[in-house]
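Q: next one to model:
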Amino acid sequence: MLRLAVPAFLALVAEPMFLLADSAIIGHLGTTQLAGLGVASAALVTAANIFVFLAYGTTSIVARQIGAGSERTAVTAGIAGVWLAVGLGLVTAVVVALAATPIAHLFGASPEALEHAVSYLRVSAIGIPGMLVVLAVTGVLRGMQDTRTPLVASVVGFGSNIVLNVLFVYGLGLGIAGSALGTVIAQTGMATGLVIVVTSHARAIDASLHPHPGRVLHAAREGVPLLVRTLALRAVIVVTTWVAAGLGDVPLAAHTVAMTVWSFLTFALDALAIAGQALTGKALGAGDVAGARSATRTMVWWGVWGGLALGLLVLAGHTVVPDLFTTDRAVQSALSAALVVVALSQPISGVVFVLDGVLIGAGDGRWLAVAQVVMLVLYLPLVLWVHASTGSLLAGADQVAAEAHALVVLWWVFVGFMVIRGILLGWRARGDSWLVTGATR
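A: Presented below is the predicted three-dimensional model:
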């Protein structure tokens, strides 16, 4: 578990580190720029992460084939996922670039913030194919029990991202668009390096590299349930950001950083989920139900203790972290208050992400799709209540305190969603329906 989880953790945190670096660099340009990044990043991450099945689904399929002793079939299936990522990435990039303005307007932020959001979105769209290819290739490698190669790619990509962003934003004076350009170059470089690794391995075992239409369509069909699951999950994030935008630029800017920190912690805990996907898929592919159960119990406890440790770290730094992202005292106050809620929710998050990973590794995509839609339906009345209560939440003589209070209420409602998610996932994991053995589910 540690052999898979530790490199996966270091690789996974690279993605939110891209946004953390962007937030820190852009935050010192101004509050409206940071608020614009919040809108753009919510839209961009949604556009890319709805296709996270390219990683998760591929991990499950490849791991099952590896467990059943068929490495060539495993890699061939993974290559089909890479070709699917290329096609989906090109289409998504065109849509996001052409529709950047209406997409940004959906969040209802101020005109100044929207201008920056559109600028960031249009440039970032160029990097979407690379982002999806990284997802697909990473899924292949994880299924093969290799989490070290994605780690190397992530470290190189993150380091390049910081250097390029500082150069383009401050050195060349390109502003928020320069930050987007630096991230695009770094992500495309990561994709190129990972593709070279996988294709070299495929040639060594004589696996096909050609885009076979039947295999690509099969990969697409297998990914539909996870696509539905991810769309529902991203809808939760997008609606929450939309509500934050309705609270004003200060709460939106603070929410942008708080959500980025939460994403960083999510990816840290998701390292256990990645180990869960790979180990569960391999165990069930080999017919080892007892091993899958045992690994699940162990990783759930690791999720609890890992979440507690991360929460304590955030709680200890909740008054220091805001200074790293902005000099606006109102944003600092709201962010500090929101980070307390983020910290307290981490043990719940640890359990949720582990169980989610285990069920994905088991290929239980259809149940996850239905369950996530149910969670979204249960969450919407809660978050829409916050939106309807904007006036009363922001009322008060002390505007700074009122904005911080409103953001804290929004974050506690979001924690409620995580509790609902944990209850449903825990109920499913206690049963036996997800424990299907064999090379295919």
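Q: ok, Ala402 touching Gly391?
A: No - taking contact to mean C-beta atoms under 8 Å, the distance of 10.6 Å between Ala402 and Gly391 leaves them out of contact. Just so you know, the C-beta spots here come from the backbone N, C-alpha and C atoms, and that holds for glycine as well.
Q: the two: who's more crowded?
A: Set side by side, Ala402 and Gly391 give different neighbour counts by other C-beta atoms under 10 Å, the larger being at Ala402 (19 against 7).
Q: I'd like to know which elements the host helix or strand of that one is packed against.
A: Using DSSP states H and E, the secondary-structure element containing Ala402 is helix 399-430. If you count contacts as 3 or more C-beta pairs under 8 Å, 6 or more residues apart in numbering; DSSP states H and E, helix 399-430 packs onto helix 213-246, helix 249-285, helix 329-344, helix 346-361, helix 365-388, helix 390-393.
Q: ok, the residue lying closest to Val96 once chain neighbours are set aside - how many residues close by?
A: If you skip the residues right next to it in sequence, Val96 has Ala125 as its closest partner in space, 4.2 Å away by C-beta to C-beta, 6 or more residues apart in numbering. Taking other C-beta under 10 Å as the neighbour definition, Ala125 ends up with a count of 22.
Q: do Pro111 as well
A: Using other C-beta under 10 Å, the number of residues around Pro111 comes to 8.
Q: one more: the one 5 residues further on?
A: Here the number of neighbours of His116 (other C-beta under 10 Å) works out to 26.
Q: which element is it on?
A: Secondary-structure assignment from DSSP H and E places His116 in helix 111-124.
Q: if we go by neighbour counts, what in that helix is buried?
A: Residues of helix 111-124 classed as buried by neighbour count (16 or more other C-beta atoms under 10 Å): 113-124.
Q: which one of these is nearest Ala24?
A: Within the buried residues of helix 111-124, proximity to Ala24 (C-beta to C-beta) peaks at Tyr120, which comes in at 14.9 Å.
Q: residues contacting that closest one?
A: Contacts for Tyr120 (C-beta atoms under 8 Å, 6 or more residues apart in numbering) come out as 36-37, 40-41, 44, 176-177, 179-180.
Q: so where is the stretch 151-300 of the chain shaky, pLDDT-wise?
A: Counting by pLDDT under 70, the stretch 151-300 of the chain shows low-confidence ranges at 208, 211-223.
Q: list the contacts for the closest residue to Ser389 other than its chain neighbours?
A: In this structure, Ser389 finds its nearest non-sequential neighbour in Val409, 7.9 Å apart by C-beta to C-beta, 6+ apart. Residues in contact with Val409 (C-beta under 8 Å, 6+ apart) are 386, 389, 393.
Q: 10 Å - rerun?
A: By C-beta atoms under 10 Å, 6 or more residues apart in numbering, the residues touching Val409 are 247, 341, 385-386, 389, 393.
Q: what about it, distance to Leu269?
A: In this view, Val409 and Leu269 are 24 Å apart by C-beta to C-beta, to the nearest Å.
Q: with adjacent residues omitted, what lies nearest to Val314?
A: In this structure, Val314 finds its nearest non-sequential neighbour in Ala343, 3.9 Å apart by C-beta to C-beta, 6+ apart.
Q: repeat for Leu380
A: Leaving aside its chain neighbours, Leu380 sits nearest to Val239 (7.0 Å; criterion: C-beta to C-beta, 6+ apart).
Q: run a quick neighbour tally on that neighbour.
A: Applying other C-beta under 10 Å, we find 18 residues neighbouring Val239.
Q: that one contacts Val383, correct?
A: Yes - taking contacts as C-beta atoms under 10 Å, Val239 lies within contact range of Val383: 5.6 Å.
Q: mind listing the shared neighbours of those two?
A: Between them, Val239 and Val383 have Phe414 as joint contacts when contacts are counted by C-beta under 10 Å, 6+ apart.
Q: circling back: okay, the angle between the helix holding Ala402 and helix 365-388?
A: Orientation note: helix 399-430 sits at an angle of 160 degrees relative to helix 365-388 (axes from the mean of the first three to the mean of the last three C-alpha atoms, to 10 degrees).
Q: what residues of helix 399-430 count as buried?
A: Residues of helix 399-430 classed as buried under the neighbour-count rule (16+ other C-beta under 10 Å) are 402-411, 413-414, 417-418, 420-422, 424-425, 428-429.
Q: how close does Ser294 sit to Gly276?
A: 12 Å.
Q: of those two, who's got more company?
A: Neighbours were tallied for Ser294 and for Gly276 using other C-beta under 10 Å; the higher tally belongs to Gly276 (33 against 13).
Q: grab the nearest non-local neighbour of the more buried one.
A: Looking at Gly276 with C-beta to C-beta, 6+ apart, the closest residue is Gly357, at 3.7 Å.
Q: follow-up on the earlier one: how about the contacts of Val409 in CSV, adding distance to Ala80 and neighbour count?
A: Written out in CSV, the entries for the contacts of Val409 read as follows (distance: C-beta to C-beta, whole Å; neighbours: other C-beta atoms under 10 Å):
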residue, distance to Ala80, neighbour count
Leu247, 44, 23
Val341, 42, 21
Trp385, 44, 12
Val386, 43, 22
Ser389, 48, 13
Leu393, 49, 20
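Q: closest to Met144 among those?
A: So of the contacts of Val409, ranked by how close each gets to Met144 (C-beta to C-beta), first place is Val341, at 38.4 Å.
Q: once you drop chain neighbours, what's closest to that closest one?
A: If you skip the residues right next to it in sequence, Val341 has Trp411 as its closest partner in space, 4.1 Å away by C-beta to C-beta, 6+ apart.
Q: picking that back up, so what pLDDT did the residue nearest to Ser389 get?
A: According to the model's per-residue confidence, Val409 sits at a pLDDT of 90.
Q: how much space separates the residue nearest to Val96 from Val195?
A: Per C-beta to C-beta, Ala125 is found 20 Å from Val195.
Q: equivalent analysis for Val320, please.
A: 40 Å.
Q: which one's more surrounded, these two?
A: Set side by side, Val320 and Val195 show more neighbours around Val195, with 19 against 10, by other C-beta under 10 Å.
Q: hang on, the earlier thing: is it true that the residue nearest to Val96 touches Ala47?
A: Yes - counting by C-beta under 10 Å, Ala125 touches Ala47, with 8.1 Å between them.
Q: need the overlap of contacts for the two.
A: 92-93, 95-96.
Q: most widely separated two among those residues?
A: Across the shared contacts of Ala125 and Ala47, the two members that end up farthest from each other (C-beta to C-beta) are Ala93 and Val95, 7.4 Å apart.
Q: with neighbour numbers in mind, choose between these two.
A: More neighbours surround Ala93 than the other of Ala93 and Val95, with 21 against 14 (other C-beta under 10 Å).
Q: the more buried one is in contact with Val133, isn't it?
A: No - with contacts defined as C-beta under 10 Å, Ala93 does not count as touching Val133, sitting 11.8 Å away.
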